[in-house]
Structures are given as structure tokens and as C-alpha cells.
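>>> Build me a model:
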Amino acid sequence: MTVPTRTATTAAGDGTRPSAPPATATPLLHVEGLRVGFGAREVVRGISFAAHAGRCLAIVGESGSGKSVTARTLVGLTGGGARVSADRLTLDGLDLTRQNERSWRRIRGRKAGFVLQDALVSLDQLRRVGDEVAEPLKVHGVGTRASRRARAVELLASAGVPEPEVKARQRPYELSGGLRQRTLIAGAIALDPPLLIADEPTTALDVTIQAQILDLLGEAKDRGRAIILISHDLSVVARLADDVAVMKDGRIVEQGPVREVLREARHPYTRALLDAVPSEHTRGQRLVRPAGPAAAGTAAPAPRTRGAVDRTRPVLEARHLTQVYTGPDKVDRAVVDDVSFTLFQGETLGIVGESGSGKTTTARIALSLITPTAGEVLLHGGPWSGLSQARRRPLRPRIGVIYQDPLSSFDPRWPVGRVLTDALATGPTPPTSRTEARERAVRLLEQVGLGAEHLGAAPLRLSGGQRQRVAIARALAPEPGVLVCDEPVSALDVSVQAQVLDLLTDLQDALGVSYLFISHDLGVIHHMSDRILVMKDGAVVESGSADDIFERPGHAYTRRLLTALPRVGQA
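Modelled structure (predicted):
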């Protein structure tokens, strides 16, 4: 197979950071013919690439493409039972194919730093943050206990952690997601290794925190370090990378300078990934290319046929919602502060903001999962939030929810069929027999692009996109008029995300369902929403049509969010 490649050139600057130096003749990391297998299955199939000092190489692809296995192999963390071979695999002249576990421990941290995606899982919740950051120093015998503690504080400060002395004494679960990710980076750069590998370091982070993490990695690149960025987010790649390799099914299908690959993609798979990125340019069209010849890149995604919004029929109204919590310091804080909105029939109302802005609490109040301190919610024009549980229960099928992580919301003991028939039983017309329940469950699956063969599947055995489709089918089972979508695609690959977003728009057009759509992803919000609320510190600071918010933002906070938004076109 011929892989489209380009000759590396000096990347143009974006006005915020000097251009990366041209690739040198001798790379810091040299990979030729790398293969990785588990049992009879080969997941990395003879790939070749190089990483150069002062440059960032991005490896992009969907889940299962082999990109994370590749990253782990570069630091000796492929896992037990893995088969690793390569024609050449060298780091700064060191043959990585000849290392044992003891020698790998000398390499990790000293020659290669590794930043994982999920900081909460990667950090030891029982250890203080300072000890986590100082661990590489301790493993490599650098300094005394006191000097390592002092150095950990310095590293946290250099990673942009506020009050680093205080944070060093806290445990990871006491920090926000962005601060935990910075902690991982602080530990990875503790010994200032020449190679830094970051595996999905910004997934599920707010746009402003994402920008800060990318700036930290960019500063390491400016110091002459080689960066390998593993990501499925092409906008993040456009912001940081100089070169890019696109992986599919364990192979690199296209590689070269990031500006050329992202602007003039040659491989159909790369073009499909680019088309799937939601943004202001994708409003009014589908994200997934149609099957057939168009799938080979000969046609763009089809326009979307938009259903009508009935602004005479409010289906969900929030009136002056306030939610106050008392903190451990006995101080009352309003996490939702006088929030009001109206959602109409067939409309998508987007709510966007950083972590802590109050958007998820607002969604929970809308669902009547919590009772507001003040204010009220009306559902289809009638009382909702102020009802007793007994009076609210018959109305609950009229409003559903799609969560970010469907797996944690499923009973792990139940197959898909049981999940759906249980939801059907709560609707206005429950099935009267097992045969009818099965038939209606199959219709729900077909509605979301699955089939009867999935009825007996355990959710754990499904892919991320399939699980989210089952979650949507479950939410539709009681025939709700309103669906609250709380970060429904933030954990999905860009192509799977595109499929789910297209599915949601198709269902809205067919059923007239209204969406309250919560997300930190501004591209997703712009693509999906008719109107948008921007929240900060519990309050709505700006509201309006999607085009007005993105093209003519009136509030300084909205402008800051938009400025921090990485875009594929900036490569």
C-alpha cells in the first residue's frame, strides 16, 4: 500500500509561538517497521515515523487504530504478552528493542516522559500531589527528600498550577481535571527528558484548560524537546503539531507536515476525519459522508433537512433558577444564579461554559433530580420542579436524558434487550407481552442504526459509539418530548461523534424532540444549537442565536472562550 507522504518543511507560526525548526537529518526517535501484536492479532502493522528535537509529531486516528499502543510501546508499557518487533526502534541512539524492565525504568522519566489521558486514574489517589510529581526524581536518585519536595513545587508552578505549595499537599481527587492533567505534565517534565509523549492529554477538558495544556506542551517544544502527541482531535493537532501521521487499522495511511495534510488531505480516511469535525462551517449539513462512491472522498457530506421549530410551544421553561450549596468552610455559594431560559418544540438549546460554570447543575434541576433553592421549572407548560415525587412520577417519561458515559448508567448485569424493555415499561403505552416488548426494542435499535443482533449483547462488549446509540434508544423508549444531553459525545472519537450527532439531528427532524444540549465543546455546540446560553460562575452571561454568539459575541468571557478554541484551519 502506498502511503501519501510529504517532505517535512518549516511550520509557519500562528502568531503566538515561533515556527518550529526544520526537521534535522538525525531524528531523536527513529521508528521503522514497528509491529505490535497480542495473541494472534496484530494491532500495529509495520509503521515508520521519526520525532525530531524542537518539533511535535501528532499521531491521529480512531479508537482501535493502534495509536495508543504505539505510544505505550515507545516507553516499554505495551503490556504483558505483547509481541514487539521493529526493523529499527532507537531513542537518542539507544536500541529500544533490547531493553528489559529494569532498563526501561532508567529510560522512563530520564529520556522519555509520558503523559496519560485520564489523570484521575493515572495518579495515586492516596498520595499527595507533590509526591506524585517528585516520583521520577526519587526513582532516578535525584536530590534529597527536602530538595525533591521543593522541586515538585517548582514544577507545579512551571506547569501553571496556582498556589503550588498548597496543591502539593493535596491529593489528586481534590483537584479539578485541568489541574490533575497539569500535575501529570509536571511529573513528566521533572527530569526534562528530550522526548515527551502525550496520549490524548486534552480529551474532555474545557476549551480554556485545553489551551493551557497545549501551551505547556508548546513551551516544552520551544525548549528543544521532541513532542509526540496522540490524539483524535484534529483541531488540537492543528494548534500544536508540526508533522502528522494518520493511523487506521494499525497502519499509517498518510503523513507529512501538518499544514499540508490537514489542508490538502490525499487519503479518503483523512478527508473523512476532517469532514467529521463539527464547527461553524458544518452547520446545516451532515458530518458523515454518504456510503458508496462518496465514501471514497468524491463527495462532501449531504446537507441536513432541518425540521421546523415551533416557537409558540414552549416545552421546558426555567424561571430564575438558583442553587446554593454550603461549603466545608460554612460559606454559602450559588452554583446556579438566577438562570432563566425557554426551550421550544423541535429546538436545540445549547448551554456552554467551563467546568464549575453551573451548566450540569442546571441540567439536573431541569430533570428535577435536584430541587432548586429558588425558582421553578415548567414542563410542557405545567408545573414540574415543585411537584411531589408521587405527582412527578407519571410525568417523568416526558423528559429523558443522555449521559456522557452511558456505561456507568447501565446495569452491568443487563443485556441491551433488558435495558430497553425496562425503559419501555415506563412509557405511556407499556408493552403488554414479551413479544411486543422485543419487537419494540428492535424498532428502537433500528431507529438508532443498530439491529436485533444487539439485543443479547452486554453493554461492556459494545464499542463506545454503539453504547451511546443504546443510551439514545433507551432515552427515546418512553417517547419523551424533551431530551437533556449532558456531554453526550465528549468521550467519543471524531468519526463516532459525527455519527452520533447526525443520529441526534435525524431523530429530532423525524420526531420533533427538543434538546437541552450541554457541552464544553464549542464546535459541537455551534453545529447542533439553534440558540445558546453561555454560563460563567453559575450565571448566564450571554444568550442568543448560535450565529450571533459565535460571530458577534457581546461578553468578554464569550470572546475569551472563542479565542481559546483550537481550529483545524489554523494549521
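
>>> List the buried residues in stretch 277-291.
277-279, 282-283, 286-289 (16 or more other CB atoms under 10 Å). For glycine as for every other residue, the C-beta is placed from the backbone atoms N, C-alpha and C.

>>> and these as TSV, adding secondary structure?
Formatted as TSV, the buried residues of stretch 277-291 follow (DSSP: H, G, I helix; E, B strand; the rest coil):
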residue	secondary structure
V277	coil
P278	coil
S279	coil
T282	helix
R283	coil
R286	coil
L287	coil
V288	coil
R289	coil
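
>>> sec struct for R271, please.
When the rule is three-state DSSP, R271 gets the label helix.

>>> Does V31 touch V44 like I think?
No. Between V31 and V44 there is no contact under CB atoms under 8 Å: 10.0 Å.

>>> Wasn't P162 part of a strand?
No. Applying three-state DSSP, one finds P162 to be coil, outside a strand.

>>> Would you mind listing the residues in contact with it?
Applying CB atoms under 8 Å, 6 or more residues apart in numbering, we find P162 in contact with no residue.

>>> what pLDDT does it get?
On the pLDDT scale, P162 is placed at 85.

>>> For it, what are phi and psi?
phi -70, psi 150 (degrees, to the nearest 10).

>>> State the distance from it to L565.
Separation of P162 from L565 (CB to CB, to the nearest Å): 23 Å.

>>> Poorly predicted segments of the stretch 251-400 of the chain, please.
289-307, 327-329 (pLDDT under 70).

>>> Could you pull out the helices in it for me?
258-263, 268-275, 359-366, 389-392 (DSSP state H, counting those that start in this stretch).

>>> and if you look at the stretch 51-200 of the chain?
67-73, 101-107, 119-122, 129-139, 145-158, 164-168, 177-188.

>>> so where's this structure uncertain?
Looking at the chain by pLDDT under 70, you get 1-25, 118-120, 204, 289-307, 327-329, 569-571.

>>> what packs against the biggest helix by length in the chain?
Ranked by number of residues, the top helix in the chain under DSSP state H is helix 494-511. The contact analysis (3 or more CB pairs under 8 Å, 6 or more residues apart in numbering; DSSP states H and E) places helix 494-511 against helix 268-275, helix 464-476, strand 514-519, helix 522-528.

>>> now the first one and helix 494-511, what's the angle there?
Here helix 268-275 points in a direction 60 degrees away from that of helix 494-511 (axes from the mean of the first three to the mean of the last three CA atoms, to 10 degrees).

>>> Just the buried positions in helix 268-275, please.
268-273, 275.

>>> how deep is V121 tucked in, by neighbour count?
Neighbourhood size, V121 [other CB atoms under 10 Å]: 10.

>>> Ok, the one 4 residues further on next?
Other residues lying near Q125 total 11 when counted by other CB under 10 Å.

>>> dump the residue contacts of T326.
Contacts of T326 (CB under 8 Å, 6+ apart): 332-333.

>>> Tell me what it is bridged to.
D332 (DSSP bridges).

>>> buried sites along stretch 457-470?
So for stretch 457-470, counting by 16+ other CB under 10 Å, buried means 457, 459, 462, 464-470.

>>> Repeat that for stretch 325-342.
334-337, 339, 341.

>>> Can you lay out the residues you listed as CSV showing distance to I213?
Converted to CSV, the buried residues of stretch 325-342 look like this (distance: CB to CB, whole Å):
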residue, distance to I213
A334, 29
V335, 25
V336, 28
D337, 28
V339, 29
F341, 31
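
>>> which of these lies closest to V75?
Among the buried residues of stretch 325-342, V335 lies closest to V75 (CB to CB), at 40.1 Å.

>>> circling back: any idea which of the helices of the stretch 51-200 of the chain is most buried?
Highest mean neighbour count of the helices of the stretch 51-200 of the chain: helix 177-188, a mean of 25 (counted as mean count of other CB atoms under 10 Å).

>>> Now that one - C-alpha only, CSV.
Only the C-alpha atoms of helix 177-188 are listed here, as CSV (Å, rounded to 0.1, in the frame of the first residue of the first chain):
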residue,chain,number,x,y,z
GLY,A,177,-9.5,17.9,35.8
GLY,A,178,-7.3,20.6,34.4
LEU,A,179,-5.1,20.7,37.5
ARG,A,180,-4.7,16.9,37.6
GLN,A,181,-3.6,17.0,33.9
ARG,A,182,-1.1,19.7,34.7
THR,A,183,0.2,17.5,37.6
LEU,A,184,0.8,14.7,35.1
ILE,A,185,2.7,17.1,32.9
ALA,A,186,4.8,18.4,35.8
GLY,A,187,5.8,14.8,36.7
ALA,A,188,6.6,14.0,33.0
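
>>> starting at the chain centroid, how far to it?
17 Å (CA atoms, centre = their mean, to the nearest Å).

>>> could you check the angle helix 145-158 makes with it?
130 degrees.

>>> Which elements pack onto helix 177-188?
strand 112-115, helix 119-122, helix 129-139, helix 145-158, strand 195-199, helix 207-222.

>>> Kindly recompute the last result at 6 Å.
Counting contacts by 3 or more CB pairs under 6 Å, 6 or more residues apart in numbering; DSSP states H and E, helix 177-188 packs against strand 112-115, helix 119-122, helix 129-139, helix 207-222.

>>> and L367, how many neighbours?
Neighbours of L367 using other CB under 10 Å come to 21.

>>> Now do it against P162, distance only.
Taken as CB to CB, the span from L367 to P162 is 33 Å.

>>> go on, R151?
18 Å.

>>> same deal with L562?
24 Å.

>>> Mark which of the buried residues of stretch 325-342 are part of strands, please.
Among the buried residues of stretch 325-342, the members found in strands (DSSP state E) are 334-337, 339, 341.

>>> Out of these, flag the one nearest to S48.
Nearest to S48 among these, with distances taken as CB to CB, is V335, at 50.9 Å.

>>> hang on, isn't the closest one packed against T362?
No. Using CB atoms under 6 Å, V335 is not in contact with T362, being 9.1 Å away.

>>> May I have the phi/psi pair for the closest residue to I197 other than its chain neighbours?
In this structure, I197 finds its nearest non-sequential neighbour in I228, 4.6 Å apart by CB to CB, 6 or more residues apart in numbering. Phi and psi for I228, reported as degrees, to the nearest 10, are phi -110, psi 120.
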